[in-house]
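Visitor: Mind looking at a prediction? Sequence and model below.
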Amino acid sequence: MSAWTSWHRPLLAFAASMAVLAVVSAVGLAVDDRVVAGAPVWFKPFKFSVSFVAYALSLAWMLSLLPRFRRAGWWGGTVVAVTSGIEMILITGQAARGRRSHFNNETPFDKAVFDTMAVTVVVLWAATLLIAALLFRAELADRASAWAMRCGAVLALAGAALGFVMAQPTPEQRIRMEQGTADVVGAHGVGVTDGGPSMPLTGWETTGGDLRIAHFVGLHALQVLPFALFLLVALAPRFTRLADERVRLRLVLVACGTYAAVFALVTWQALRGQALIHPDGTTLGAAAAIVAAAAAGTWAALRTTPSASPPVGVSDSAHDGKELVA
């Protein structure tokens, strides 16, 4: 793995600030009993800060691997750090005021806060798109590494794009907007009103669809897919077949396809107004098909005949990880 000192500094600084905010928010959860939209007032700053720690560290590492376009990558990462920081300041400020941050249209100030957040999210998404484009153009030594990062970045963009869907007013809200009585514009629930019965820890709806699930799954492809590759490399000394670069590449591609299918499934399930924990037969059938395809793909990938010569970078990858991210 590349030395952390070469990672993108602004993103590292942002990740550190989010780690501090996560601790502060955890204290807030313990001592502040206020509730907003059916959830503890400090829950949103807490989960957003934890998520941003993982997101920022992933991008900081990936940007350190770019052999070209490093200046463009630095600016893209810096824009992500700054816009994400602005968003978190607004979310935390609203939590401190005991007000909801997202979809809030109650007062001109609350509306201005959410409108500002909407602008920062658009800029953040565009900067992440730039980074994804740079990753696709980067010629990394290990193809499995390259595709794990590329697919992770694309799926993260798709997950983030669901935020634009959630920001759209519902039919009922459109009527209230025309009447000038809409306190909330936008929703993450489908078929239910936000703030109803929810799952513990995540806060996801249990009586209807919830687009936050797909949002979460998509965003964290940026961590899950590279981690899957690291796991394969760690297992390579014990399982000879995994030492073959072609096998690792095919397994990574299977993982990417499977993850993309799961993302599509939970998005489709939410849009149908169906809770994650209450799937119908159609959803279960689709899930079974994904599992079967993943198993078949894994079996086919492992049947690859190992190359006669030692695969490039396996010894380094297995011992110190340098070639994996060369």
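Guide: Thanks, I have the structure now. Residues are numbered from 1 along each chain as shown.

Visitor: make it CA atoms for all contacts and neighbour counts henceforth
Guide: OK.

Visitor: and V254, what are its phi and psi?
Guide: The phi/psi pair for V254 (degrees, to the nearest 10) reads phi -60, psi -40.

Visitor: gap between it and R137?
Guide: Remark: distance between V254 and R137 (CA to CA, to the nearest Å) = 21 Å.

Visitor: Can you give the distance of whichever strand or helix holds G73 from its chain's centre?
Guide: Here G73 sits within helix 70-97, counting by DSSP states H and E. Distance of helix 70-97 from its chain centroid, counting by CA atoms, centre = their mean, to the nearest Å, is 15 Å.

Visitor: the more surrounded of V254 and R137?
Guide: Each of V254 and R137 has its neighbours counted (other CA atoms under 10 Å); V254 has more, 20 against 15.

Visitor: Find the nearest non-adjacent residue to the more buried one, please.
Guide: Leaving out its chain neighbours, the residue that sits closest to V254 by CA to CA, 6 or more residues apart in numbering is G297, at 5.9 Å.

Visitor: Mind giving me the packing neighbours of the helix holding G73?
Guide: helix 9-31, helix 43-63, helix 108-137 (3 or more CA pairs under 8 Å, 6 or more residues apart in numbering; DSSP states H and E).

Visitor: Show me which residues of it are buried.
Guide: By 16 or more other CA atoms under 10 Å, the buried positions in helix 70-97 come out as 73-85, 87-88, 90-95.

Visitor: in this structure, which ranges drop under the pLDDT threshold?
Guide: Along the chain, segments meeting pLDDT under 70 span 1-3, 304-326.

Visitor: Next up, the contacts around the residue nearest the centre of it.
Guide: In the chain, the centroid-proximal residue (CA atoms, centre = their mean) is L219; its distance is 1.3 Å. By CA atoms under 8 Å, 6 or more residues apart in numbering, the contact set of L219 is 55, 155-160.

Visitor: and those, which of them are in helices?
Guide: The helices, defined by DSSP state H, take in 55, 155-160 from the contacts of L219.

Visitor: Please convert the residues you listed to JSON lines, extending it with distance to D183.
Guide: Output for the ones in helices among the contacts of L219, formatted as JSON lines (distance: CA to CA, whole Å):
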{"residue": "Y55", "distance to D183": "31"}
{"residue": "L155", "distance to D183": "32"}
{"residue": "A156", "distance to D183": "30"}
{"residue": "L157", "distance to D183": "29"}
{"residue": "A158", "distance to D183": "28"}
{"residue": "G159", "distance to D183": "26"}
{"residue": "A160", "distance to D183": "24"}
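
Visitor: How many residues are close by the nearest residue to L235 once chain neighbours are set aside?
Guide: Distances taken as CA to CA, 6+ apart place L242 nearest to L235, at 7.1 Å, with adjacent residues excluded. Using other CA under 10 Å, L242 is surrounded by 21 other residues.

Visitor: and L242, helix, strand or coil?
Guide: helix (DSSP: H, G, I helix; E, B strand; the rest coil).

Visitor: Could you report the separation of it from A81?
Guide: Going from L242 to A81 by CA to CA gives 36 Å.

Visitor: Over to T206?
Guide: 33 Å.

Visitor: Can you show me the helices along the stretch 151-300 of the chain?
Guide: Along the stretch 151-300 of the chain, the segments classed as helices by DSSP state H, counting those that start in this stretch run 171-179, 211-219, 221-235, 245-271, 281-302.

Visitor: so can I have TSV of these showing distance to A133?
Guide: Below are the helices of the stretch 151-300 of the chain laid out as TSV (distance: least, CA to CA, whole Å):
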stretch	distance to A133
helix 171-179	36
helix 211-219	17
helix 221-235	14
helix 245-271	17
helix 281-302	27
